[in-house]
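1. Sequence and predicted structure are below.
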Amino acid sequence: MINQKLEGLQIIGFYENSQLLESGVEVGDWLIEYNGELIESKEQLTELKLRYQGTVNIIIKIKRDDTDEYFQIWPGELGVYLAEVEKSPEIKKDAVRIENVKRLEKKTGLENTFFSSVKKIFDHFEIDIDYHVLLCLSGYPYRVQFREDFSLDIFDPTEGYDCASFLFKNLGLKWETHKNKTEKSIKKIIFKSIDNCIPVLARNLYGKGEWGIITGYQNNGDELFCRSFSDKTLDYSIAPNTPSKVIIFTEAPSLPGESGDIKDIMDQIVAALHVAEELLNADEVNGYYLGNMALQKWQEALDNHVFYENLSDDEYDRVCKINCQLFDRYSYNCQLASGLFSDIIRIFEESKEHLKRLSKFYKAESKVLGDCQRFIPKNSDENLKQYWNKKSRSNEIVALIKIQKKNREIMSIMEKLPLFK
């Protein structure tokens, strides 16, 4: 049973093939120590896993009811859903809530907060569509986007080339995007959607640029119930911020066909592939570089040594982290693209050979990026400038040049795709 009285890191579920599940750990257990060190947060646990990744055997301490249990595990991923549990908020008499919107949980750390939120809303309306298919239908895996200030907005599907709007249009949904409004105006929009029993997609509920879901309101509208990756309660949390941007569905979402299986959405897949071709050939949109131009500007930014010499330690750390995320996300997106091309071969038989080649090229791109990212620091370090230096950035540039070359091959294949005819 999930214990809502204690506070800390609680195990609320397991991934497939979880080593903790196989070791005998149970849902509801509390994670107390990792190799003798007290665990205080998810972020600290991530640091501990990195610190001890070279250790052969790890000892973890679990609290179950009033008993301490110890388990020996391998270093690396634990294979668990963890909740930083705090006391659930008080439900007031005037509360208006949409029930049964499930928690947002990070598995790999590569989850996109926007698409994860969309998926939870679709699940709420019993729309059965795979998360990865959802991403591919938006064109997002094919979007290489860059801005020279290394802004977090590079990763937002609604910024630059708007993959979110394309997704909703591609699926025949009706939606509205609202931003840069007063708190009173944006809350009025939110309340109307909640009153119509439709959850709201919302950005910056916790001030991190992440997306989440507004599921209700109370206390004369001063408090917004939400789901997000920053939640620390098992029930809905209270959002600390009014969102900076919201997307509302003006009608309850529904998909063509009886399910989200790719055989029911062939037209949508073709439309997404047209967008993929468009994104590969585009240079710039809404202040963001795209495609091979994005890769070129990324290389130039990595080669601008004066820029890095003049950065403060905090800014150097920020830029390094964004650069690392760019490699992580791009590599992951290439995996998704490769997988989709492989999956649709059975549907588009006339394009079989072309799709095989596209899948192969995207898989190769993912490997190039993955091989490179192993040498990019993933966490803050007092010697960061020593690790992420002119030489290491030069190696990254070499990798991006290889990707540019492969992208030109992909563009050539895309132009000749029989399914476009």
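-> Yep, it's here.
2. Apart from its neighbours in sequence, what residue is nearest residue 212?
-> Among residues not flanking residue 212 along the chain, residue 228 sits closest, at 3.1 Å (CB to CB, 6 or more residues apart in numbering). For every residue, glycine as well, the C-beta is placed using N, CA and C.
3. Return the helix or strand in this protein with minimum mean pLDDT.
-> None of the helices or strands of the chain scores lower by mean pLDDT, DSSP states H and E than strand 80-85, at a mean of 77.
4. Just the CA atoms of that one, as PDB, please.
-> Provided in PDB are the C-alpha atoms of strand 80-85 (Å, rounded to 0.1, in the frame of the first residue of the first chain):
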ATOM      1  CA  VAL A  80      11.700   2.100 -10.400                       C
ATOM      2  CA  TYR A  81       9.200   4.900 -10.400                       C
ATOM      3  CA  LEU A  82      10.000   7.100  -7.500                       C
ATOM      4  CA  ALA A  83       7.900   9.800  -5.900                       C
ATOM      5  CA  GLU A  84       9.300  12.600  -3.800                       C
ATOM      6  CA  VAL A  85       6.400  12.400  -1.500                       C
END
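5. which residues are contacting that strand?
-> For strand 80-85, contacts defined as CB atoms under 8 Å, 6 or more residues apart in numbering pick out 4, 6-15, 18, 20-21, 25, 31, 41-42, 45, 103, 105, 107, 231-234.
6. Just the buried ones from the residues you listed, in ChimeraX syntax?
-> To isolate the buried ones among those in ChimeraX, judged by 16 or more other CB atoms under 10 Å, type:
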select :8,9,10,11,12,13,14,15,18,20,21,25,31,42,45,103,105,231,233,234
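7. returning to what we had before: parallel or antiparallel, list what pairs with the helix or strand following the least confident helix or strand of the chain.
-> Remark: after strand 80-85, the chain's next helix or strand is strand 96-97, criterion DSSP states H and E. According to DSSP bridges, strand 96-97 forms sheet pairs with strand 211-218 (antiparallel).
8. Need the residues that contact the partner strand.
-> 91-92, 94-98, 101, 104, 113-114, 116-117, 120-121, 187, 190-191, 194, 199-203, 205-206, 223-230, 236, 239, 243, 246.
9. Now residue 273: which helix or strand?
-> helix 266-281.
10. What is that helix packed up against?
-> Judged by 3 or more CB pairs under 8 Å, 6 or more residues apart in numbering; DSSP states H and E, helix 266-281 is in contact with helix 131-138, helix 163-170, helix 291-302, helix 390-415.
11. Each with direction, which strands does the helix or strand that comes right after it pair with?
-> Sequence-wise, the next helix or strand downstream of helix 266-281 (DSSP H and E) is strand 284-285. Here strand 284-285 has these sheet partners by DSSP bridges: strand 288-290 (antiparallel).
12. to the chain's geometric centre, what's the distance from the partner strand?
-> Distance of strand 288-290 from the chain centroid (CA atoms, centre = their mean, to the nearest Å) equals 20 Å.
13. Show me how the record splits this protein into domains.
-> Residue ranges for each domain of the chain read 8-85, 96-141+150-249, 303-420, as given by automatic domain parsing.
14. Out of those, which gets nearest to residue 266?
-> With CB to CB, the closest approach to residue 266 among the domains of the chain belongs to domain 303-420: 6.1 Å.
15. can you give me the end-to-end distance of the closest one?
-> End-to-end span of domain 303-420 (CA to CA, to the nearest Å): 39 Å.
16. do stretch 198-216 as well
-> End to end - CA to CA - stretch 198-216 spans 10 Å.
17. For the domains of the chain, state which one has the densest average packing.
-> Burial of those is given as mean neighbour count (mean count of other CB atoms under 10 Å); domain 96-141+150-249 ranks first at a mean of 19.
18. Report the mean confidence score over that domain.
-> The average pLDDT within domain 96-141+150-249 is 93.
19. and the end-to-end length of that domain?
-> Distance between the two ends of domain 96-141+150-249: 18 Å, counting by CA to CA.
20. how far does that domain sit from the chain's center?
-> 12 Å.
21. Can I get the helices and strands packed on helix 266-281 in TSV including distance to residue 153?
-> Formatted as TSV, the helices and strands packed on helix 266-281 follow (distance: least, CB to CB, whole Å):
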stretch	distance to residue 153
helix 131-138	17
helix 163-170	13
helix 291-302	14
helix 390-415	20
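22. Nearest to residue 55 among these would be which one?
-> That would be, of those and by CB to CB, helix 390-415, which comes in at 25.7 Å.
23. The closest one - contacts with which helices or strands?
-> When contacts are defined as 3+ CB pairs under 8 Å, 6+ apart, helix 390-415 packs onto helix 266-281, helix 291-302, helix 305-309, helix 352-373.
24. Name the nearest residue to residue 402, ignoring sequence neighbours.
-> For residue 402, the spatially nearest residue (CB to CB, 6+ apart) is residue 368, at 5.2 Å.
25. Now do the same contact list for the one you found.
-> Applying CB under 8 Å, 6+ apart, the residues near residue 368 are 399, 402-403, 406.
26. same thing but at 10 Å, please
-> Residues near residue 368 by CB atoms under 10 Å, 6 or more residues apart in numbering: 330-331, 334, 398-403, 405-406.
27. want to throw the helices and strands packed on helix 390-415 into TSV with distance to residue 338 and mean pLDDT?
-> TSV is the format used below for the helices and strands packed on helix 390-415 (distance: least, CB to CB, whole Å; pLDDT from 0 to 100):
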stretch	distance to residue 338	mean pLDDT
helix 266-281	12	94
helix 291-302	18	97
helix 305-309	33	94
helix 352-373	4	94
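28. right, and these - which one's nearest residue 56?
-> Nearest of those to residue 56, taken as CB to CB: helix 352-373 at 24.8 Å.
29. So what's the gap between that closest one and the chain middle?
-> For helix 352-373 - counting by CA atoms, centre = their mean - the centre lies 21 Å from the chain centre.
30. tilt between that helix and helix 390-415?
-> Inter-element angle recorded for helix 352-373 and helix 390-415: 170 degrees (by axes from the mean of the first three to the mean of the last three CA atoms, to 10 degrees).
31. Give me the distance between residue 69 and residue 221.
-> 45 Å (CB to CB, to the nearest Å).
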